[in-house]
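Participant: Quick one, what's the 3D model for this:
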Amino acid sequence: MKVDEETVAPDVSLLESMRSVGYSLDAAVADLIDNSISAGATDIKIDLEPTGAEHVAVLDDGSGMSPDVAIEALRLAGSSGTRSNTDLGRFGLGLKTASLSQARKLTVVTKNRHDVTALRWDIDHIKRTGRWSLLRLDRGEIGELFWTEKLLNQETGTLVLWQNLDLLLGDVEDRGQFIRSKTASLIERLSLVFHRYLQRSERAGRVSVEVNGNSVSPIDPFLASNPKTQSTPNQTVRVGGAEVRVKAYTLPHRSGMSPKDLQRRDLTDRMRESQGLYIYRNRRLISWGNWYGLARMDEISKQTRIQVDLPNSIDHLWQLDIKKSRAEPPASFKRELRRLLEGVLEKGRRVHTYRGRKVARSETEHLWSKVRARDGLRYEINLEHPLIKAMLSEMSPASTKRFESMLAMISATYPADDLYSEMAGNVRISEPEGSSDSIRQSLVALKNSQSLSLSAEEATSMLSHTEPFNSTPNLTQLIEAVWLEGVSDAD
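Facilitator: Next up is the predicted model:
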């Protein structure tokens, strides 16, 4: 049976529809940088000009394209061809959809060792003519474009120019202020998404990126260079016949971070939503800040981040979208990773629950005891703590009873719910440290306790495992000084 066929060409209005894919400026520029890196670029410059010429320009020093390759790159339904295993592209749509999501006019000028080619998609021209017309610019038109002189002075490279920034600028009145805020956000996003290309420690493929003359510095989400960051060895999970590498990091408590680290939002007020899997495709960060159902976004696990490296050969299994801003792990990967997570998450919990304790929990005498009950758990002041025992031993029976009742009341009113609520809201919980005077007076009380009768050596042995003394700097020297001075409570 013969089937009749009819070729149905898309209307030119499709071009307007393609603009609604949902790109942000950050994601759109990142897509252009992907193309530059895939072309072997090591230097990428970005310029955002909201007034006068009103453009966004991206210039690289990559290998450039021949005329035929440039036309194919700008074909709206062009083939992405055979990709190398280091290619950052996905569907062959990024250049067009990313650019036209922000601007009505896209111009690409590219130079290889033999040719200079300049092509343009102009939405207004296409709508006027009703034809899918890709415009070719001559030498005179090329010379009038922003940054073409820089490009022509290079051996090779590509310039992408956005003009008529209707969707980017919208109806904002102060365009300069708007672009300045967008620029700050763009720099922050590129610092994270391409941090492994920007880092000097990466042995291959380091890239330099500038935005409006500002160098983009890498933001390492794992604080790998911090000596207090804990990490696991690389582990391999097989997915779709390919190897996916997994490495877990437990970030240090904020007291172990540098002042520069504490200026980062992902390490302070946005730390809770920054936990989870960090999925990389050929060293480019795709998706982050999500456990994908493998764990809960808890306050207590916010120090935990998992680096996941996958090759581009299994894009289809990870549901990678056009914008390369979302990836969903396949069921087989989740199943394998779930087995690895328990120990990693426990490390993250210990950053908080074991804060300031130098030995294992079972060997430390804490001021607060955790008591598990049928309906949950509660915290009580530990009556076996050396300071408490020393005070109780020197009280009369009546005073002892009143003192224990007061401690029970303090324990009963411990504001656990309020503390949890504040921490869940990412409010910084201050950790006041005991002053040297209060620590010293506590040592004096212990020294003068007739019931304990401790020598300096015995006090050091006991208190090095006792809160809050175990986190006191130079504890041994302080104890020796107190025991040598012969100070009394009366003093």
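Participant: Okay, now the unreliable bits of the stretch 151-300 of the chain?
Facilitator: Applying pLDDT under 70 to the stretch 151-300 of the chain picks out residues 200-205.
Participant: Tally up the residues packed near the closest residue to Trp288 other than its chain neighbours, please.
Facilitator: Computed as Cβ to Cβ, 6 or more residues apart in numbering, the closest residue to Trp288 that is not its neighbour in sequence is Tyr278, at 4.5 Å. In this view, the C-beta of every residue, glycine as well, is placed from N, C-alpha and C. Residues near Tyr278, counting by other Cβ atoms under 10 Å, number 22.
Participant: got the contact list for Lys228?
Facilitator: Pro252, His253, Gly256 (Cβ atoms under 8 Å, 6 or more residues apart in numbering).
Participant: Assumed it was part of a strand.
Facilitator: No - counting by DSSP: H, G, I helix; E, B strand; the rest coil, Lys228 is not part of a strand but coil.
Participant: which residue packs closest to Leu345, ignoring adjacent ones?
Facilitator: In space, Leu345 is closest to Ser301, 5.4 Å off (Cβ to Cβ, 6+ apart).
Participant: Just give the number of residues close to that neighbour.
Facilitator: 24.
Participant: Within the sheet, what are the partner strands of the top strand by length along the chain, with directions?
Facilitator: Using DSSP state E to assign secondary structure, the strand with the most residues in the chain is strand 242-250. Sheet pairing of strand 242-250 (DSSP bridges) gives strand 230-231 (antiparallel), strand 235-239 (antiparallel), strand 304-310 (antiparallel).
Participant: tell me the angle of whichever helix or strand comes after it relative to strand 242-250?
Facilitator: Per DSSP states H and E, the first helix or strand lying C-terminal to strand 242-250 is strand 276-281. Relative orientation of strand 276-281 and strand 242-250, computed by axes from the mean of the first three to the mean of the last three Cα atoms, to 10 degrees: 140 degrees.
Participant: helices and strands around the next helix or strand after strand 276-281, which ones?
Facilitator: Helices and strands here follow DSSP H and E; after strand 276-281, the next one along the chain is strand 284-290. Helices and strands touching strand 284-290, by 3 or more Cβ pairs under 8 Å, 6 or more residues apart in numbering; DSSP states H and E, are helix 175-193, helix 195-198, strand 276-281.
Participant: Contacts made by the second one with the rest, please.
Facilitator: Think helix 195-198. Contacts of helix 195-198 (Cβ under 8 Å, 6+ apart): 37, 191, 202, 205-209, 216-221, 280, 283-285.
Participant: can we see that at 7 Å?
Facilitator: The contact list for helix 195-198, computed with Cβ atoms under 7 Å, 6 or more residues apart in numbering, reads Ile37, Glu202, Gly205, Arg206, Val207, Val209, Val216, Ser217, Pro218, Ile219, Asp220, Arg283.
Participant: Please name every helix or strand in contact with the helix or strand where Lys389 lies.
Facilitator: Here Lys389 is covered by helix 386-393, with elements defined by DSSP H and E. Packed against helix 386-393 by the contact rule (3 or more Cβ pairs under 7 Å, 6 or more residues apart in numbering; DSSP states H and E) you find helix 436-447.
Participant: can you do 10 Å?
Facilitator: Other helices and strands packing on helix 386-393, by 3 or more Cβ pairs under 10 Å, 6 or more residues apart in numbering; DSSP states H and E, are helix 397-412, helix 436-447, helix 456-463.
Participant: closest to Glu365 out of these?
Facilitator: helix 456-463 (7.9 Å; Cβ to Cβ).
Participant: List the buried residues of the closest one.
Facilitator: Ala456, Ala459, Thr460, Met462, Leu463 (16 or more other Cβ atoms under 10 Å).
Participant: average pLDDT for it?
Facilitator: For helix 456-463, mean pLDDT is 84.
Participant: what is the orientation angle of the helix or strand just after it with helix 456-463?
Facilitator: Using DSSP H and E, the helix or strand that follows helix 456-463 towards the C-terminus is helix 475-485. Interaxial angle, helix 475-485 versus helix 456-463 (the same axes, to 10 degrees): 140 degrees.
Participant: what does helix 475-485 contact?
Facilitator: 436, 439-444, 446-448, 454-460, 462-464, 466, 469, 472, 474, 487, 491 (Cβ atoms under 10 Å, 6 or more residues apart in numbering).
Participant: Which residue, other than its chain neighbours, is closest to Met257?
Facilitator: Leaving aside its sequence neighbours, Met257 sits nearest to Leu267 (Cβ to Cβ, 6+ apart; 6.3 Å).
Participant: which ones are touching that neighbour?
Facilitator: Counting by Cβ under 10 Å, 6+ apart, Leu267 has contacts 219, 221, 223, 251-252, 254, 257-258, 260-261, 274, 302-303.
Participant: can you check Ile439 too?
Facilitator: Per Cβ under 10 Å, 6+ apart, neighbours of Ile439: Glu433, Leu463, Pro468, Phe469, Thr472, Pro473, Leu475, Leu478, Val482.
Participant: Touching, Glu394 and Ile388? I think so.
Facilitator: No - counting by Cβ atoms under 10 Å, Ile388 is not a contact partner of Glu394; they are 11.6 Å apart.
Participant: beta partners for the residue nearest to Trp288?
Facilitator: Gln307.
Participant: hang on, it packs against Arg284?
Facilitator: No - counting by Cβ under 10 Å, Tyr278 stays clear of Arg284, with 11.3 Å between them.
Participant: returning to that earlier point: among the contacts of Leu267, list the two that are farthest apart in space.
Facilitator: Lys260 and Lys302 (19.6 Å).
Participant: Look at the two and report which has more neighbours.
Facilitator: Lys302 (22 against 8).
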